[in-house]
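1. Need coordinates for the below:
(one chain, ligands or ions: 2)
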Amino acid sequence: MESPYKSIAENIYEKGYVVVDDFISDDFREELLQEQQEILAHGQFRHAGIGKGNEFQIKPEIRSDKVCWMDHLNLTPLQNHYWNEIEKIREKINQRCFLGLRSFEAHFAMYPPGSFYLRHLDQFQNVKYRVVTTILYLNQKWEPGDGGALRMYLPKCEGQEEIMDVFPKGGRLVVFLSGEIPHEVLPTLKERVSITGWLRDIEY
Ligand SMILES: O=C(O)CCC(=O)C(=O)O
Ligand SMILES: [Fe+2]
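-> Ligands and ions are numbered 1, 2, ... in the order given. Okay, here's the model as predicted:
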């Protein structure tokens, strides 16, 4: 079988996004979820905001998730394993797409019941170093009735868009071009846990 990393890079090159099921094993997903729950229990999650630097604002009417950033200089063993998986994607994307990706940033995200994130692009308006978004879902089970889909607006010819809804099924990885694919998180009925990361064209 073709390596998932190479196939991710090929899909990013051809269409700008890809959804990969079972990107990680169920054991690894469960361990990451447990780590997230411990961090949450220690009160280390914060209300997420929008914008960068002086533009940063907490706006619950736009996004109502909570996040905990990973520290790339101080990763736990599990976070390091996750980082290494993303590193393999970074290498393949650079080889195939010449995007000059140099670094990565990531946070755990937790959407409490009733929360959402309205339509947006992941590139900031003032600084555009986020080039590729990666989202890995950690919930054990997800039913369509639980809501919380990631809705992507895929650009088509003549300004048209195609809507694609992706459920946050555990172990599923979604990768897309941060500056090109608008997306939103539809209101979730259940606690929704993920790791969101961005491959960047700047050094640490
Ligand atoms: O969790 C998701 O499905 C998307 C999250 C997102 O769009 C973001 O954090 O920028
Ligand atoms: Fe986003």
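2. Glu55 contacts Gly49, correct?
-> No. If you go by CB atoms under 8 Å, Glu55 and Gly49 don't touch, sitting 9.4 Å apart. The way it works is simple: take the backbone N, C-alpha and C, and place the C-beta from them, glycine included.
3. between those two, which one's more packed in?
-> Taking other CB atoms under 10 Å, Glu55 and Gly49 do not tie; Gly49 has more neighbours (15 against 12).
4. who are the neighbours in contact with the more buried one?
-> By CB atoms under 8 Å, 6 or more residues apart in numbering, Gly49 lies in contact with Phe56, Gln57, Ile58, Lys59, Arg63.
5. Most neighbours among the residues you listed, which one is it?
-> Arg63 leads these on contacts (other CB under 10 Å) with 22 neighbours.
6. Dihedrals phi and psi, that one?
-> phi -140, psi 140 (degrees, to the nearest 10).
7. which residues does it bridge with?
-> In this entry, Arg63 is beta-bridged to Tyr117, by DSSP bridges.
8. per-residue pLDDT, it?
-> At Arg63, the model reports a pLDDT of 95.
9. in this protein, which residue is closest to the centre?
-> Nearest to the geometric centre of the chain sits Ile135, at 2.5 Å (CA atoms, centre = their mean).
10. My read is that that residue contacts Trp198, right?
-> No. Look at Ile135 against Trp198 with CB under 8 Å: they stay out of range, at 10.0 Å.
11. quick one: which helix or strand includes Glu10?
-> helix 4-15 (DSSP states H and E).
12. pLDDT of that helix, averaged?
-> 97.
13. How about stretch 84-93?
-> For stretch 84-93, mean pLDDT rounds to 98.
14. buried sites along that stretch?
-> Applying a neighbour-count criterion of 16 or more other CB atoms under 10 Å, the buried positions in stretch 84-93 are Glu85, Ile86, Ile89, Arg90, Lys92, Ile93.
15. Throw these into TSV and include secondary structure and distance to Gln79, thanks.
-> As requested, the buried residues of stretch 84-93 are exported to TSV (DSSP: H, G, I helix; E, B strand; the rest coil; distance: CB to CB, whole Å):
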residue	secondary structure	distance to Gln79
Glu85	helix	11
Ile86	helix	10
Ile89	helix	16
Arg90	helix	16
Lys92	helix	21
Ile93	helix	21
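16. ok, of these, which one's closest to Asp71?
-> Using CB to CB, Ile86 is the member of the buried residues of stretch 84-93 that sits closest to Asp71, with 15.2 Å.
17. Was I right to think the closest one contacts Ser103?
-> No. If you go by CB under 8 Å, Ile86 and Ser103 don't touch, sitting 10.7 Å apart.
18. Quick check: neighbours shared by the two?
-> Residues touching both Ile86 and Ser103 (CB under 8 Å, 6+ apart): Leu199.
19. ok, now how distant is the residue of the chain most remote from its centre from ligand 1?
-> No residue in the chain sits farther from the centre than Glu158, which is 27.8 Å out by CA atoms, centre = their mean. Here the criterion is CB to the nearest ligand atom, to the nearest Å. By it, Glu158 lies 26 Å from ligand 1.
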